[in-house]
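In: structure, please.
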Amino acid sequence: MSNQSTQTKLMTNWRWWLCSLLFVATTINYLDRQVLSLTYEEFIKPEFGWTDDDYGKITSFFSIFYAICCLFAGKFIDWMGTKKGYLWSIGVWSAGACLHALCGWGTSLLTGSPDLAAATKIGSNAALAFSTTSVYLFLFCRGILALGESGNFPAAIKVTAEYNPKKDRAYSTSLFNAGASVGALAAPLCIPPLAKSLGWEWAFIVIGAFGFLWMFFWHFMYDKPEKSKHVNQAELDYIHQDDEAEAAEKAALKEEKAIPFLKCFTYRQTWSFICGKLLTDGVWWFFLFWAPSYFQNQFGIKASEPLGQGLIFTLYAIVTVVSIFGGYLPKLFVEKRGMHPYSGRMLAMLIFAFLPLVALAAQPLGVQSPWWPAILIGIAAAGHQAWSANLFSTIGDMFPKSTIATITGVGATAGGAGSMVIQFVAGKLFTHAEEAGAAFQFMGFEGKPAGYFIMFCFCGIAYIISWIGMKLLVPKYSPIKA
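Out: As a prediction, the model looks like this:
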């Protein structure tokens, strides 16, 4: 047996335990993020008298504030360190999630009306004040949630780069990134029942509390691989197999010199990553924020009903199963076809860019059964998750480890900005389409269904446009040296 085979057999696998922890954090992240979308149409909207425009403004604000925070979150994680930075991140977003439960109480306190019905009896101005006040309180809580959540992916990607060689990073990223799908998958099974039995406030509190429990495990389980008592030399050698050209880093364990923040924007590689995020992140968030509302508006199926839970569960079950293979495909290209990791990743991303095109058929086939949109949107969203896992890994291909979190934050900012526009436009579009009724038409549909069809068309073509932009900016592998 070769020495390499012996090392492989005897080496520890602590990196996969940490990957599991990243998976749990991402699951919690998306559970917290989805509580509002699953309680909006059935519970919050009638309680506060919101419109889709109000909801669109809230999700749009979350997106842009998240984007702004992401611009600095990566730098914060690089500066604070992965361990402390991640603790701060999840602590803040968990607190923000729980604070949503106080919005009803705060609205009553500030307006002097116990509920919307009482405000309506006073007059239309009082009802408007009650609704508007609730919107601003939710905006405040969403801002705190966004502030904390902005640190999740920069920290997780940094851990992935620290604990995996290049060939495994996309696969590792796809595994923890599947937490987004699992969080979205678990959400319809637990959040609507919680809201229906205990009240929507307790849905925010119970789900938000999971983050505080995660912090305990992270504190005791994470250390850099060179310092971790759970990582032996064989695993450390495996992790650093790409670092032979950087012997100084391995021998002296010195930190790389980080690229100055503004200088990052002088590289085409940075703009390639921005291009990959700008149009595509908003697609995922659109499905996440609007899918429960879509099924209720389009088919009259509530999220708390067994059929509504089944539709959303099916949608994200497809995402979960398909997206796990997203990181494995470039690994297959590298190991079986001998491709360069970056080239294999870009080929895989091109393949995944075609999956969202099935969203174009969601609305036409929806006239036959609500299961068609659930299945097709699930396939499109799975394409996003597979795309996203590989897109994140291109940072580790191109940039030094000391700058990975910073570039991740920059890209997340672009993705959040793009999502802000999509959520804002969606809210305006749906409100206008509903009010216009038959006067608003698109491709044989009228009213709100026409609005949904327009959004699905955009979601379908966004990835191909992004891939072309990335390829034009960085035609071939071109790493940056700090």
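
In: who's in contact with the most centrally placed residue in the chain?
Out: Closest residue to the average C-alpha location of the chain: Ala180 at 6.2 Å, with C-alpha atoms, centre = their mean. For Ala180, the contact set (C-beta atoms under 8 Å, 6 or more residues apart in numbering) comprises 26-27, 29-30, 284, 385. Yep, even glycine has a C-beta here, placed from its N, CA and C like the rest.

In: try Asp78
Out: Applying C-beta under 8 Å, 6+ apart to Asp78 gives the contacts 158, 258, 402-406.

In: then Tyr163?
Out: 14-15, 18-19, 172, 225, 239.

In: and the helices in the stretch 201-350 of the chain, which stretches?
Out: Secondary structure of the stretch 201-350 of the chain, counting by DSSP state H, counting those that start in this stretch: helices at 233-239, 247-252, 268-278, 281-299, 306-324, 328-337, 341-353.

In: pretty sure Gly344 sits against Val334.
Out: Yes - counting by C-beta atoms under 8 Å, Gly344 does reach Val334; the two are 4.8 Å apart.

In: in this protein, which spans are strands?
Out: 441-442, 445-446 (DSSP state E).

In: now these as JSON lines including distance to Gln423 and mean pLDDT?
Out: JSON lines is the format used below for the strands of the chain (distance: least, C-beta to C-beta, whole Å; pLDDT from 0 to 100):
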{"stretch": "strand 441-442", "distance to Gln423": "19", "mean pLDDT": "94"}
{"stretch": "strand 445-446", "distance to Gln423": "21", "mean pLDDT": "93"}
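
In: just say which of those strands is most tucked in.
Out: Counting by mean count of other C-beta atoms under 10 Å, strand 445-446 has the highest mean neighbour count of these, with a mean of 17.

In: need the residues that contact that strand.
Out: Contacts of strand 445-446 (C-beta under 8 Å, 6+ apart): 363, 437-440, 452-453.

In: check the offset of that strand from the chain's centre.
Out: Centroid displacement of strand 445-446 relative to its chain, using C-alpha atoms, centre = their mean, to the nearest Å, is 31 Å.

In: before we move on, the earlier item: mind giving me TSV with the contacts of Asp78 and columns for distance to Lys45?
Out: Output for the contacts of Asp78, formatted as TSV (distance: C-beta to C-beta, whole Å):
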residue	distance to Lys45
Lys158	39
Ala258	46
Ser402	46
Thr403	43
Ile404	40
Ala405	37
Thr406	39
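
In: what's the closest of those to Ala67?
Out: Nearest to Ala67 out of those is Thr406 (C-beta to C-beta; 14.9 Å).

In: how many neighbours does the nearest residue in space to the closest one that is not next to it in sequence have?
Out: Distances taken as C-beta to C-beta, 6 or more residues apart in numbering place Gly74 nearest to Thr406, at 4.3 Å, with adjacent residues excluded. By other C-beta atoms under 10 Å, 31 other residues sit near Gly74.

In: OK, contacts around Gly74?
Out: 154, 404-410, 412.

In: pretty sure Ser388 contacts Phe273?
Out: No - counting by C-beta under 8 Å, Phe273 is not a contact partner of Ser388; they are 11.6 Å apart.

In: residues near Leu311, how many?
Out: 25.

In: what's the pLDDT at the residue lying closest to it once chain neighbours are set aside?
Out: In space, and not counting its chain neighbours, Leu311 is closest to Ala374: 4.4 Å by C-beta to C-beta, 6+ apart. As predicted, Ala374 sits at a pLDDT of 95.

In: report how many residues lie close to Ala374.
Out: Neighbour number of Ala374 under other C-beta under 10 Å is 23.

In: contacting residues around it?
Out: With C-beta under 8 Å, 6+ apart, Ala374 has these contacts: 295, 311-312, 314-315.

In: would you convert those into a markdown table that also reports distance to Tyr328 and pLDDT?
Out: As requested, the contacts of Ala374 are exported to a markdown table (distance: C-beta to C-beta, whole Å; pLDDT from 0 to 100):
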| residue | distance to Tyr328 | pLDDT |
| --- | --- | --- |
| Phe295 | 31 | 94 |
| Leu311 | 28 | 94 |
| Ile312 | 26 | 91 |
| Thr314 | 23 | 92 |
| Leu315 | 22 | 91 |
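
In: just the helices in the stretch 351-482 of the chain please.
Out: 362-366, 371-398, 404-436, 448-473.

In: ugh, wrong one, I meant the stretch 1-150 of the chain
Out: Under DSSP H, counting those that start in this stretch, the stretch 1-150 of the chain gives helices at 3-10, 14-39, 45-48, 52-80, 82-99, 103-111, 116-122, 124-149.

In: okay, buried residues for the longest one please.
Out: To tie it back to what came earlier, the one meant is helix 52-80. Judged by neighbour count (16 or more other C-beta atoms under 10 Å), helix 52-80 contains these buried residues: 52-78, 80.
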